[in-house]
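Colleague: have a look at this fold, sequence not included:
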């Protein structure tokens, strides 16, 4: 029985089937035409193969009992997916510092050991962090000294590949020599940062910080679920694979921006919309984003601009590294589970991450070195008030920090991260650099600032205002600006050379203090705020008569005046209706102005419509009533009411006028006391109907009518009563009507009365 054979190729010699049955452990098996007979015969020999190749298709890490189900584990060749018992180990030394515009080897020494093999197909050297694809480059120096090795630089990935120029394995010894001749260069005269170099036997990208490997697997149109399942069954030298979880910027750089293509990663919000979690690997269940494009991350995320976005309302629940040329390189976008059928949003593959899973072996398939670009990474200028010493600080990526008084040459003023200047009385710049064994960095200027303690040189005190309002305070200083206070011991209410106060209702005092970058002499200069009273005016309405003038009065003496007519006296005469204004200004120093508005109006003329007489009650009705009309029935005594009682009998005149006595109207009327009834029963009381006082009107006539309008009697100065008969016949008890006319020019008075028996 043979204990172990690394490789059997049955495609060349089928008789080797019997040899295979005698082997306890077989790493590589190549079958021709899918020879299941051979597979069956091998089942009894052992349970597991690292790699089977059938008709040029490769199935890695095969369990015989379910080998057909494992056909998704397709790779390029068995040498890259095999799970050797003793993987190679690579170590390197050479952490160094880099001088600008030089070339430097990335290792001092490198060693590759492998108890199973003495050669491999390729070595991959990648700038795994800090990579600047516009400036950085790796190259093989002294090419002629390495005839068995050729190099290929991929700028987009930051990766240099070493392999045979004729496609055969290269000895570890030749690879070691070549690696020692790999050099780094940067095209910038002032580069910054740190460069980590990973040197790997496998093709997967290696991140030294976490010891994980990242492999891009091309697979056009693969869905997210299939990518996840395919990643889950991949292994890398015993490390379990999973769809990549990217939790830091350097990981996003290496697994995304420096990957050879775009593809799926292990993030999804399919469980809860808007809550993005890692669904794979050791980070499974970890939330890394909440919301859409305007959301937030509790740790790290690297979405492209305006992502995630649920584009056009489509359920986009799966994270994908953005295609090259679409937005930010290496960033993420959200896609449906199958992406688009073509174009930039069609899945081109997926990213597999290896490392971090419980039970993973400890590998040394990769090693790393570091170049630190010696530079000043941070400075802290300082300042003080007036002359004295100032302490400045600086930090460097590497080397010894030195301080100088000039950009080039000059005097070395001291060394170390902290530097205290000599006594200075003006702002001075010092220059700091870091020095390594090979070179010095560009010097960086650091300011030691002297701030002069300032004083207030002038203010606009006193600031006046007519009435309550806002005040604008101003001050000038010898340097710096001004702090404003509302009281001497108060807090700063504003800073600036001018300050507009809140609403001020009464005179008060504010205070100004000069300040210059924190330097102040603690002297507060008062600025007085004076509130002057405004002249108190009241608008009014003035009535005038037509065809006459009226006097307007500003009403406040000892002021200056400016009327809308241009006049400047306290009173003026105006001839017409309208709106007039006068600006009333108090005398100096106040000079506060208030405006009074006077409206001039003409009253309507009164017109008597009718005078209603009810015995001794008289009511004067006008065509249009106004509250400024007054009334009279004797032309002497006027009242605001249009109703008069106890009017004397006889011919009277009703008067109406406006209160300004501009216009008057009148109408005559008669007051006669007419009996309401009479009782012609010869009892000595009311036996006849008679109008008392008619004797005073010798020209008066009274005509009596029955209900049908028949004239039944006429009364006058010689016949002043009626006994209730007609042609000496008694008339019935009923109502009768009268018409009284005192003379031919007087108005008729009509009414009715009752005859009672």
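Modeller: Arrived safely, thanks for sending. The shown structure was predicted, so the numbers you read here are calculated from the model rather than taken from an experiment. Residues are numbered from 1 along each chain as shown.
Colleague: what about the strands in the stretch 151-300 of the chain?
Modeller: According to DSSP state E, counting those that start in this stretch, the stretch 151-300 of the chain carries its strands in the segments 159-163, 170-171, 182-186, 194-200, 205-207, 212-218, 235-236, 239-243, 264-268, 275-278, 287-290.
Colleague: neighbouring strands for the third one, and are they parallel or not?
Modeller: Okay, so that is strand 182-186. strand 103-105 (antiparallel), strand 136-140 (antiparallel) (DSSP bridges).
Colleague: just these: most buried one?
Modeller: Highest mean neighbour count of the strands paired with strand 182-186: strand 136-140, a mean of 18 (counted as mean count of other CB atoms under 10 Å). C-betas here are computed from N, CA, C, even on glycine.
Colleague: that one versus strand 194-200: what angle between them?
Modeller: 40 degrees (axes from the mean of the first three to the mean of the last three CA atoms, to 10 degrees).
Colleague: now strand 136-140 against strand 159-163, angle please.
Modeller: Relative orientation of strand 136-140 and strand 159-163, computed by the same axes, to 10 degrees: 10 degrees.
Colleague: not counting its own residues, what contacts strand 136-140?
Modeller: 106, 125, 127, 146, 149, 151, 153, 155, 158, 160, 162, 178, 181-187, 195, 197 (CB atoms under 8 Å, 6 or more residues apart in numbering).
Colleague: do that again at 10 Å, thanks
Modeller: The contact list for strand 136-140 (CB atoms under 10 Å, 6 or more residues apart in numbering) reads 103, 106, 125-127, 130, 146, 149-155, 158-160, 162, 178-179, 181-188, 191, 193, 195, 197, 371.
Colleague: put the buried members of these into a ChimeraX selection.
Modeller: Buried residues within those, by 16 or more other CB atoms under 10 Å, are selected in ChimeraX with:
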select :106,125,126,127,130,146,149,150,151,158,159,160,162,178,179,181,182,184,186,191,193,195,197,371
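Colleague: do me a favour and get the backbone dihedrals for the residue nearest to the spatial centre of the chain.
Modeller: Residue closest to the average C-alpha location in the chain (CA atoms, centre = their mean): residue 294, at 11.7 Å. Main-chain torsions, residue 294, degrees, to the nearest 10: phi -90, psi 20.
Colleague: right, and it touches residue 274 too?
Modeller: No - with contact defined as CB atoms under 10 Å, residue 294 does not reach residue 274; the gap is 11.2 Å.
Colleague: where's residue 738, which helix or strand?
Modeller: strand 735-741 (DSSP states H and E).
Colleague: what strands line up against the following helix or strand past that strand, and which way round?
Modeller: Downstream of strand 735-741, the first helix or strand assigned by DSSP H and E is strand 749-755. Each strand paired with strand 749-755, and its direction, by DSSP bridges: strand 677-678 (parallel), strand 735-741 (antiparallel).
Colleague: buried stuff in strand 749-755?
Modeller: Residues 749, 753, 755 are the ones in strand 749-755 that count as buried (16+ other CB under 10 Å).
Colleague: confirm for me that the last one is in contact with residue 707.
Modeller: No - taking contacts as CB under 10 Å, residue 755 lies outside contact range of residue 707: 11.1 Å.
Colleague: what is in contact with those two at once?
Modeller: 734-736.
Colleague: quick one, which of the strands of the stretch 151-300 of the chain gets closest to residue 362.
Modeller: If you check each of these against residue 362 by CB to CB, strand 239-243 wins as the nearest, at 9.8 Å.
Colleague: now the closest one and strand 264-268, what's the angle there?
Modeller: 70 degrees.
Colleague: mind checking how far strand 239-243 is from the chain centre?
Modeller: Relative to its chain's centre, strand 239-243 lies at 43 Å (CA atoms, centre = their mean, to the nearest Å).
Colleague: equivalent analysis for stretch 720-730, please.
Modeller: That offset, for stretch 720-730, works out to 106 Å (CA atoms, centre = their mean).
Colleague: run through who's touching it.
Modeller: 678-682, 687-692, 694-695, 700, 702, 704, 706, 710-715, 731-733, 736, 738, 753, 755-757.
Colleague: what's the domain layout of the chain?
Modeller: 2-81, 89-205, 212-354, 377-451, 465-531, 540-602, 608-671, 677-755 (automatic domain parsing).
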